[in-house]
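# got a predicted structure plus its sequence, pasted below:
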Amino acid sequence: DFGRPPSFTVDPGLPSPNIYWIFMDGMLGFKGMERLFGDSQPEFTVALEERGFVINREAEFESLHATSNATPSLFCPNWYDNVFAPQLYSMDLSDYKVKMDMRSQINSLPPRVNNEFIAGFKAKGYRSSLVLPSAGYSALYYTQFHRNVEKSFPSFVKKFSQVDKAGQLNDLLGDIIGAWAFMYGRVNKLIWPAGYLEKAIAEIAAESSPQLVILYDLTAHASFAFNEDGSFNTGADLLLPQFYPGTHRYAAKKILGYIDAILSWDRNAVIVVEADHGLHVEKTRQAFLAEGKTDDDIRLAQNQTLSAVRIPKEWGGLESPLDPLNISRELVNRYVGKNYRLLTEHP
């Protein structure tokens with residue numbers, strides 16, 4: 001049973017700005033970069049603030065270190081409040097083994113398939129678009145996803161074995177088990193940009209407004225394959241923490257490029273920059289432990305996320321940072337109708 005998103009209270013008198021959500025998979029936030037790597041990112045801070053963003057430097061939430069749980073936590077408040085949060089509150093979150101054992105028991109497929117955030121804005125009359133990366137995946141991702149397919153989607157194994165691994169991998173992952181499956185099939189338009197994002201934004205801008213656009217980017221995700229200038233890091237174990245800062249800084253440059261491309265077409269856009277988790281791979285955790293990092297350090301590394309929101313004054317403005325789990329709630333309440341309570345605390 002894939003379930004269904006809730007019905008929504010829709011207020012046609014509310015404004016309908018174009019909304020862009022830049023989803024940075026696996027990108028650590030400001031507090032984590034400063035505490036773990038001694039980098040407060042002053043230039044990135046100024047660049048975001050100059051573009052009208054309010055930054056949540058403390059942004060953090062527990063999703064058992066899995067994109068499959070983090071995405072519905074961000075986008076599906078009813079599932080989070082009624083299904084996931086009660087399970088989080090029932091366990092000892094300081095016990096890493098307990099969390100990993102519980103992770104296998106969480107069924108997050110229904111909310112990922114029936115994304116509340118997208119459904120809410122569709123109810124308001126928005127067109128939704130999903131922009132995915134066009135670059136191929138590494139052998140690491142292929143091996144990981146293939147293993148997940150064999151375990152969770154046995155009927156697809158035959159199809160998987162018949163495709164050309166290099167040429168058709170992206171399409172297959174998008175169809176079956178890619179991390180963006182939390183919204184795949186519910187959007188009006190799916191775009192694989194052949195070049196820079198500007199092409200995708202131009203295509204989207206040609207459609208009628210209002211628009212909800214979600215851009216998915218894996219640059220910062222393990223393995224940490226990039227140097228700060230965007231060149232590839234080769235010949236090393238790229239899951240080790242020391243390789244993350246260069247990857248992070250390159251991802252930050254890409255974010256600013258995305259933002260500027262959006263603003264060149266739509267200067268009044270509402271823009272969210274949000275990650276789903278931090279450095280959550282087990283080998284990275286073990287390396288942190290070997291460096292003498294504490295359990296609190298590691299939990300911060302895994303759960304702390306990049307988070308910044310731009311709401312121009314034309315659409316009500318934003319005075320203080322939003323908690324990651326309140327971003328979708330706040331935007332739906334402001335521009336669709338009053339549907340959600342905001343969280344004051346959470347694991």
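Ah, there it is. Bear in mind that the values here come from a model prediction, so they are computed numbers and not experimental data. Residues are numbered from 1 along each chain as shown.
# which element is Leu130 on?
Using DSSP states H and E, Leu130 sits within strand 127-131.
# tell me the buried residues in that strand?
Arg127, Ser128, Ser129, Leu130, Val131 (16 or more other Cβ atoms under 10 Å). Yep, even glycine has a C-beta here, placed from its N, CA and C like the rest.
# same deal with stretch 234-242?
Counting neighbours by 16+ other Cβ under 10 Å, the buried set in stretch 234-242 is Leu238, Leu239, Leu240, Pro241.
# correct me, but the third one touches Gln286?
Which is Leu240. No: using Cβ atoms under 8 Å, Leu240 is not in contact with Gln286; the gap is 9.7 Å.
# which strand or helix spans Ser328?
helix 324-335.
# got a list of contacts for that helix?
Surrounding helix 324-335, the residues in contact under the criterion Cβ atoms under 8 Å, 6 or more residues apart in numbering are 8, 14-17, 19, 56, 59-61, 73-77, 80, 116-117, 120-121, 124, 270, 272, 274, 305, 307, 309, 315-316, 322, 339-343, 346.
# so for the helix or strand Asp101 falls within, mean pLDDT?
Per DSSP H and E: Asp101 is located in helix 96-103. Mean pLDDT, computed over helix 96-103, is 91.
# buried residues in that helix, which are they?
Tyr96, Lys99, Met102.
# how near is the closest residue to the second one other than its chain neighbours to Val98?
With Cβ to Cβ, 6 or more residues apart in numbering as the criterion, Lys99 has its nearest non-adjacent residue at 5.2 Å, and that residue is Leu64. Here the distance between Leu64 and Val98 works out to 10 Å (Cβ to Cβ, to the nearest Å).
# same check on Val113?
28 Å.
# for Ile311, same thing?
From Ile311 to Val98 the distance is 38 Å (Cβ to Cβ).
# ditto for Tyr340
Counting by Cβ to Cβ - Tyr340 and Val98 are separated by 29 Å.
# now Ala301
With Cβ to Cβ as the criterion, Ala301 and Val98 are 19 Å apart.
# same question for Gly246.
Relative to Val98, Gly246 is positioned 34 Å away (Cβ to Cβ).
# check His280 too.
Taking Cβ to Cβ, one finds His280 at 16 Å from Val98.
# and if you look at Gly29?
For Gly29 relative to Val98 (Cβ to Cβ), the value is 25 Å.
# now the helices for the stretch 201-347 of the chain?
244-265, 282-290, 295-303, 324-335 (DSSP state H, counting those that start in this stretch).
# would you reformat these as a markdown table and include distance to Ile201 and mean pLDDT?
Shown next, in a markdown table, are those (distance: least, Cβ to Cβ, whole Å; pLDDT from 0 to 100):
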| stretch | distance to Ile201 | mean pLDDT |
| --- | --- | --- |
| helix 244-265 | 5 | 94 |
| helix 282-290 | 33 | 96 |
| helix 295-303 | 31 | 96 |
| helix 324-335 | 19 | 98 |
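# that older thread, within the helices and strands, which one has the residue nearest to Lys99?
Per DSSP H and E, there is no helix or strand for Leu64.
# just the one 10 residues further on next, same as before
With secondary structure defined by DSSP H and E, Leu74 is part of helix 67-75.
# buried stuff in the helix or strand following that helix?
Scanning forward in sequence from helix 67-75 by DSSP H and E, the next helix or strand is helix 77-79. Of the residues in helix 77-79, Pro77, Trp79 count as buried by neighbour count, 16+ other Cβ under 10 Å.
# what is the mean pLDDT for helix 77-79?
93.
# quick one: low-confidence ranges for the protein?
1-5, 133-186, 190-196, 235 (pLDDT under 70).
# ranges for the strands of it?
19-24, 54-55, 127-131, 189-191, 211-217, 270-275, 307-310 (DSSP state E).
# give the buried residues for the fifth one.
Buried residues in strand 211-217, defined by neighbour count with 16+ other Cβ under 10 Å: Gln211, Leu212, Val213, Ile214, Leu215, Tyr216, Asp217.
# who's in contact with the first one?
By that I understand Gln211. Counting by Cβ under 8 Å, 6+ apart, Gln211 has contacts Asn18, Ile19, Tyr126, Arg127, Ser128, Ser129, Ile204, Ala205.
# closest to His221 out of the residues you listed?
Ser129 (21.8 Å; Cβ to Cβ).
# do I have it right that the closest one meets Val213?
Yes: applying Cβ under 8 Å, one finds Ser129 in contact with Val213, separated by 4.8 Å.
# intersection of neighbour lists for those two?
Ile204.
# is Asn56 in contact with Leu318, as I believe?
No: contact criterion Cβ under 8 Å: Asn56 and Leu318 do not qualify, at 10.6 Å.
# re the thing from before, output the strands of the chain in TSV, with distance to Thr294 appended to each entry.
As requested, the strands of the chain are arranged in TSV below (distance: least, Cβ to Cβ, whole Å):
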stretch	distance to Thr294
strand 19-24	26
strand 54-55	25
strand 127-131	38
strand 189-191	43
strand 211-217	30
strand 270-275	22
strand 307-310	23
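# list the contacts of the closest residue to Thr219 other than its chain neighbours.
Nearest residue to Thr219, sequence neighbours excluded (Cβ to Cβ, 6+ apart): Ala251, at 4.2 Å. Each residue near Ala251 by Cβ under 8 Å, 6+ apart is listed here: Met24, Met27, Asp217, Thr219, Ala220, Phe226.
# from Trp21, how far out is Ala251?
Counting by Cβ to Cβ - Ala251 and Trp21 are separated by 16 Å.
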